[in-house]
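Student: Kindly return the folded structure for what I paste below:
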Amino acid sequence: MTKKSARQMHVFKVVSRVKVDGERRYPYRVLGVPLEADLYTLAAGIVRAFDFDFDHAFGFFDGRDPYRSGVKYELFHDADMQDELGGSDAPSETQVAISLLLEVADQRAIMRDTAEFLARRLREELLPNVPDRLRAGAEAELGRVAYEMLDLDADLELGDVPPDLREALAQPGGLERLISLYGAMTGADDAAAPTERGVKGVSVTEPFGRTPTWTFLFDYGDDWMFDVTYQGVQDAPPRVRLPRVLDSLGTAPEQYPEWEE
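Tutor: Next up, the predicted model:
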């Protein structure tokens, strides 16, 4: 009888750059992922191996400083995120900047202020022609008309930009970074721009053909960073679901620590 060949997996060692107080070594996890896995699957496996919630954007970078890396694989570059930034019509940098800034603006407050300005302008223009006996009512009515003209009874569309994008935008230099990111996705950057790709559908081993160790950044702003090293193909444990933690050392840092006041 021919022996059935063992199922195989890619193996990665992931070391956190954050060490828990009282522990001598930085925590690590050895992770097995399916041979057909993409970078999105690897990212999800890493995040869950350290007991984090998979609730933020992320990327893989060829340098220790993600913001200076020459080669990047980021969730921001995938088609669904690109659509959120304006699709393939390639608006100008100014249009992109305004669109992004509007996502974090208090649009309803701006519209209320605009309505008050419009009401004041209408009163200045029209009230001099209103008989004195009607002025009080006309003044109040013009305020209502201004709100109706701006359709403030309707819900304002705040868009479907992912929370991660809003969070990245709120960081120092976030607007400039996201404008540059959009340019890279639309081909607007020059030949000297970093090589940037998405993570979905990208083979889990593609980056590691360049260099065996990459920086994995999770949650822009909090900047959780991990060193990810490819260790090759091994036989997978029988009857286990991949991704799977094969070995571990140390306590994972808390994703959302309770800060003492």
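Student: Could you give the number of residues near Val240?
Tutor: 12 (other Cβ atoms under 10 Å). For glycine as for every other residue, the C-beta is placed from the backbone atoms N, C-alpha and C.
Student: That one should be in a strand, yeah?
Tutor: No. Counting by DSSP: H, G, I helix; E, B strand; the rest coil, Val240 falls outside a strand, being coil.
Student: backbone phi and psi for it, please?
Tutor: For Val240, the backbone dihedrals are phi -120, psi 150 (criterion: degrees, to the nearest 10).
Student: State the distance from the closest residue to Gln255 other than its chain neighbours to Glu148.
Tutor: Once flanking residues are discounted, Gln255 sits nearest to Phe52: 4.5 Å by Cβ to Cβ, 6 or more residues apart in numbering. In this view, Phe52 and Glu148 are 48 Å apart by Cβ to Cβ, to the nearest Å.
Student: Looking at the two, which one has more neighbours?
Tutor: Comparing Phe52 with Glu148 by other Cβ under 10 Å, the one with more neighbours is Phe52, at 18 against 11.
Student: can you pull the pLDDT of the more buried one?
Tutor: On pLDDT, Phe52 comes in at 96.
Student: Tell me who's in contact with it.
Tutor: Counting by Cβ atoms under 8 Å, 6 or more residues apart in numbering, Phe52 touches Phe218, Trp224, Ala252, Gln255.
Student: from those residues, which two are the most distant?
Tutor: Longest distance between any two of the contacts of Phe52 is 12.2 Å, between Phe218 and Ala252; criterion Cβ to Cβ.
Student: Those two: which is more packed in?
Tutor: Neighbour count, other Cβ under 10 Å: between Phe218 and Ala252, Phe218 has more, with 22 against 16.
Student: Verify the contact between that one and Asp55 for me.
Tutor: No. With contact defined as Cβ atoms under 8 Å, Phe218 does not count as touching Asp55 (9.7 Å).
Student: Pull out the buried positions in the longest strand seen in the chain.
Tutor: The longest strand of the chain (DSSP state E) is strand 224-235. Buried residues in strand 224-235, counting neighbours by 16 or more other Cβ atoms under 10 Å, are found at Trp224, Met225, Phe226, Asp227, Val228, Thr229, Tyr230.
Student: sorry, back to before: where does the residue nearest to Gln255 land in three-state SS?
Tutor: Three-state call for Phe52 (three-state DSSP): coil.
Student: Show me which of the buried residues of strand 224-235 is closest to Val15.
Tutor: The closest of the buried residues of strand 224-235 to Val15 turns out to be Asp227 (Cβ to Cβ; 4.6 Å).
Student: Now for the residue lying closest to the closest one once chain neighbours are set aside: which residues touch it?
Tutor: With sequence-adjacent residues excluded and distances taken as Cβ to Cβ, 6+ apart, Asp227 is closest to Val15, at 4.6 Å. Counting by Cβ under 8 Å, 6+ apart, Val15 touches Tyr26, Pro27, Tyr28, Phe226, Asp227, Thr229.
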